[in-house]
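In: Using only what follows, build the 3D model:
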Amino acid sequence: AQRQETGSEKATTPWTRWVAEAYYLNKEWKATAGGQFVDMAASKHVLHSPDFNTLVAFEVPRLHAVRALRGRRPRYSLFGWWLRPGARAKGAKSA
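Out: I've put the predicted structure just below:
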């Protein structure tokens, strides 16, 4: 868990992941190149192509995957998490 020090007491606050995000930077991405984000939480899987200037955000934990790339073209994205104060979920591992 990440910790934050505040005030003269140096209190610590555990943080937990709340929302994950992936922001895609791929211009003219073709579906045949693979690399799609697969949302596996619903009964029918939903694909999100890593197209330029798109954002996928979801509450964690959530069952998902990323399809393998085909070819030599790189797939660019920025990813991260929004955090909130709280104890880590049972069974969660440290980052």
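
In: mind listing what the closest residue to Glu28 other than its chain neighbours touches?
Out: Among residues not flanking Glu28 along the chain, Phe52 sits closest, at 7.6 Å (CB to CB, 6 or more residues apart in numbering). Using the backbone N, CA and C atoms, a C-beta is placed for each residue, glycine as well. By CB atoms under 8 Å, 6 or more residues apart in numbering, the contact list for Phe52 reads Tyr24, Leu25, Asn26, Lys27, Glu28, Trp29.

In: Thr54 is in contact with His48, correct?
Out: Yes. Judged on CB atoms under 8 Å, His48 makes contact with Thr54 at a distance of 7.4 Å.

In: Tell me the most packed of the contacts of Phe52, by neighbour count.
Out: Tyr24 (22 neighbours; other CB atoms under 10 Å).

In: need the strands for the chain, in chain order.
Out: 15-24, 37-39, 46-48, 54-59, 64-66, 77-85 (DSSP state E).

In: Now that we have those strands, can you turn them into CSV and tack on mean pLDDT?
Out: What follows is these, written out as CSV (pLDDT from 0 to 100):
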stretch, mean pLDDT
strand 15-24, 95
strand 37-39, 97
strand 46-48, 95
strand 54-59, 96
strand 64-66, 96
strand 77-85, 95
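
In: For burial, what's the neighbour tally of Gly35?
Out: Gly35 is flanked by 22 other residues according to other CB under 10 Å.

In: Which strand residues bridge the closest residue to Leu83 other than its chain neighbours?
Out: Distance criterion CB to CB, 6+ apart; nearest residue to Leu83, sequence neighbours excluded, is Trp15 at 4.3 Å. Beta-bridge pairing of Trp15 under DSSP bridges involves Pro85.

In: what does Val46 give?
Out: Asp39.

In: circling back: pull up the gap between the residue nearest to Glu28 and Asn26, please.
Out: Distance, Phe52 to Asn26, using CB to CB, to the nearest Å: 6 Å.

In: I'd like the distance between Thr13 and Glu59.
Out: In terms of CB to CB, Thr13 sits 20 Å off from Glu59.

In: before we move on, what about Tyr76?
Out: In terms of CB to CB, Tyr76 sits 24 Å off from Glu59.
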